[in-house]
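S.K.: Sequence first, predicted coordinates after that:
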Amino acid sequence: MHAIIYGSGRWAQLISGKLQKYKVENILIGNNITATSVNKFAKIPSSFYGGMVFIASATKDHFSDLKQCLKTNPKTIFIEKGFDDSRLYSEAKKLTNLPIYILSQYRYSEVIRQVKNLKMKKIEYNWKIDSDTKEWMYHIYSIDN
């Protein structure tokens, strides 16, 4: 089994490590060149075509990476955090009939497990976000929904 991972940062490397643990050979496509990644514009080996694709690049690049990955004839597509514009979800559905899964690590957090059965009407956030706010907003959105 093979997987292509678009991205080469923290989350892409975490996904790669998890896949390696389960003996899934994978290749990272991104700009953060390491021993296991390749340049985004390098040719993807044909042996990786027809497998799984994980998109864990910068959120602003997710839609363009989705269009790019379709050239590899993937069986399943996973996108970390989703898109930076909610209109792109309907655009993505027009590109392919393949299932596209949105990944969010917060869906599996202990906090979500604890409050899952509560009937919430409102959530107020009082979080101190000490990094790029745009990256966090997709996670908050996925918690709310």
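M.R.: Received it, and whenever you're ready, just let me know what you need. Numbering: from 1, shown residues only.
S.K.: CA only for contacts and neighbour counts going forward, please
M.R.: Fine.
S.K.: Helices of the protein, residue ranges please.
M.R.: Residue ranges of the helices in the chain, as given by DSSP state H, are 10-21, 62-69, 87-95, 110-115, 133-144.
S.K.: Which of those comes out lowest on mean pLDDT?
M.R.: If the helices of the chain are sorted by mean pLDDT, helix 133-144 sits at the bottom with a mean of 56.
S.K.: mind listing what the closest residue to Tyr101 other than its chain neighbours touches?
M.R.: For Tyr101, ignoring the flanking residues on the chain, the nearest one in space by Cα to Cα, 6 or more residues apart in numbering is Phe78 at 4.7 Å. Residues in contact with Phe78 (Cα atoms under 8 Å, 6 or more residues apart in numbering) are 52-55, 100-103.
S.K.: go again using 7 Å as the cut-off
M.R.: By Cα atoms under 7 Å, 6 or more residues apart in numbering, the contact list for Phe78 reads 53-55, 100-103.
S.K.: which among these end up buried?
M.R.: Burial of these was assessed by neighbour count (16 or more other Cα atoms under 10 Å); the buried members are 53-55, 100, 103.
S.K.: Which ones among those lie within strands?
M.R.: 53-55, 100, 103 (DSSP state E).
S.K.: Now tabulate the residues you listed in JSON lines and tack on distance to His62 and pLDDT.
M.R.: Written out in JSON lines, the entries for these read as follows (distance: Cα to Cα, whole Å; pLDDT from 0 to 100):
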{"residue": "Val53", "distance to His62": "12", "pLDDT": "95"}
{"residue": "Phe54", "distance to His62": "10", "pLDDT": "94"}
{"residue": "Ile55", "distance to His62": "6", "pLDDT": "94"}
{"residue": "Ile100", "distance to His62": "12", "pLDDT": "87"}
{"residue": "Leu103", "distance to His62": "12", "pLDDT": "76"}
